[in-house]
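**Student:** Please work out how this folds:
(2 chains)
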Protein chains: 2
Amino acid sequence: MMKIQLALDRMEINEAIELTRKVEDSIDWIEVGTSLIKEFGMTSVREMKQAFPFKTIVADIKTIDNARYEFEMCFEAGADVATVMGLSPLVTIEACMEVAKRYNKLVMIDLLNTTEQQKRDLMKYKEAVFCEHVSKDQQEELGEANYGNITDSLYSPDMKVAAAGGIKLDSLDLLRKTLNPEILIIGSAITKAENPAEAAAKFKQVEAK
Amino acid sequence: MMKIQLALDRMEINEAIELTRKVEDSIDWIEVGTSLIKEFGMTSVREMKQAFPFKTIVADIKTIDNARYEFEMCFEAGADVATVMGLSPLVTIEACMEVAKRYNKLVMIDLLNTTEQQKRDLMKYKEAVFCEHVSKDQQEELGEANYGNITDSLYSPDMKVAAAGGIKLDSLDLLRKTLNPEILIIGSAITKAENPAEAAAKFKQVEAK
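**Tutor:** Now for the predicted structure:
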């Protein structure tokens, strides 16, 4: 069964909390989006954890340097998972893995814009969650949200894989056949839906199949 | 004459303001570090601009996606320059250039972990400032802060080049001979000095030569 990670971006913290209340029964993980962190700082992570203490909180901090400082900051603020860019120097990823292990938390490696070879080099961090990610800018500026060419051939069955970027209800069939991720990261398909609760419930229905 | 950009990281906003007051006569640009943005959000940029309205404020936001949103956020908060990762998809860099042009502000492209080929691909953004950057993690975990192998051969004389990462007073001679940057980004060599005012004054003395 897939998990659903609700990605909260481009909104105020209060809006994020209200929106999450409406859909919380249908989602598993809550992502405090990069835009919330860069606009409101760690307050965004702290307030989401306070509002949803029993949910897994993902801080999408997109670390690319200063790994120990940023990861400790996220975990101290209440995050259960924090993200690092796969494009970072490996020493940065290693520092993230070390901090996460110490806090008994998870690292999600964001594979945005990485090459096949870079992905292979990252496969040694077996305890991380690997996130295949079509960026917002690639979607919005180029209209690309193509997961068809991503396969799970890189990943061994015991690795955790996530997919993010413009995923809609009707992308799920293809995604299942190709990457078959354990974690589906859904943003605007829920947050911008006319009825977010209904949209989230539909995702849950499909992923429960 | 080189400009000095004071990089403020791993401190509270009040500390950053107090520290900058002590050294403001010796520095040109003020960088609100990534760690301040991720910890305190845009408040950090707003408060620095309010405290130093006549200085150039650099928001080291390290955009790698969601370019329009993040760059507009920085410029609305009072930043004069904002940073984007050279590792981003080019469509992200293009969006940053477009927003900066519209606001009559500057883009700094952070070349952290980019290859020679990636740098060449970025050279077309002639209005950007190019920042050669040895990451904190590479310095702290590997002890690397080597600018000896960076040369200015990629850059035409009309391009703006910056250097960042562990620069000390005694790095300047080599830096001048190799990259010869227009903007020197100095963090802990000033902020962690016993006497920051004196340390900043020494940098200013040397760069004025």
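
**Student:** so A:Ala7, which of the three states?
**Tutor:** strand (DSSP: H, G, I helix; E, B strand; the rest coil).

**Student:** check contacts around the nearest residue to it once chain neighbours are set aside.
**Tutor:** The shortest distance from A:Ala7 to any non-neighbouring residue, by C-beta to C-beta, 6 or more residues apart in numbering or on different chains, is to A:Gly187 (3.8 Å). In this view, the C-beta of every residue, glycine as well, is placed from N, C-alpha and C. For A:Gly187, the contacting residues are A:6-9, A:33, A:164, by C-beta atoms under 8 Å, 6 or more residues apart in numbering or on different chains.

**Student:** and what of A:Asp170?
**Tutor:** With contact set as C-beta under 8 Å, 6+ apart, A:Asp170 has no partners.

**Student:** State the pLDDT value of it.
**Tutor:** Residue-level confidence at A:Asp170 comes out at 91, pLDDT.

**Student:** measure it to chain B for me?
**Tutor:** Distance check for A:Asp170 against chain B: by C-beta to the nearest C-beta, to the nearest Å, it reads 23 Å.

**Student:** ok, now A:Leu6?
**Tutor:** Using C-beta to the nearest C-beta, A:Leu6 is found at 17 Å from chain B.

**Student:** So that residue is in contact with A:Glu31, correct?
**Tutor:** Yes. The pair A:Leu6 / A:Glu31 is scored as a contact, 6.4 Å apart, by C-beta atoms under 8 Å.

**Student:** Present the contacts of A:Gly187 as JSON lines; the columns should include neighbour count, pLDDT and distance to A:Arg21.
**Tutor:** Rendered in JSON lines, the data for these read as follows (neighbours: other C-beta atoms under 10 Å in any protein chain shown; pLDDT from 0 to 100; distance: C-beta to C-beta, whole Å):
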{"residue": "A:Leu6", "neighbour count": "27", "pLDDT": "98", "distance to A:Arg21": "11"}
{"residue": "A:Ala7", "neighbour count": "24", "pLDDT": "98", "distance to A:Arg21": "16"}
{"residue": "A:Leu8", "neighbour count": "24", "pLDDT": "98", "distance to A:Arg21": "12"}
{"residue": "A:Asp9", "neighbour count": "20", "pLDDT": "98", "distance to A:Arg21": "17"}
{"residue": "A:Gly33", "neighbour count": "24", "pLDDT": "98", "distance to A:Arg21": "17"}
{"residue": "A:Ala164", "neighbour count": "27", "pLDDT": "95", "distance to A:Arg21": "23"}
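
**Student:** so how far is stretch A:198-209 from its chain's centroid?
**Tutor:** Centre-to-centre, stretch A:198-209 and its host chain are 18 Å apart (C-alpha atoms, centre = their mean, to the nearest Å).

**Student:** What are the buried residues along that stretch?
**Tutor:** Residues A:199-204, A:206-207 are the ones in stretch A:198-209 that count as buried (16 or more other C-beta atoms under 10 Å in any protein chain shown).
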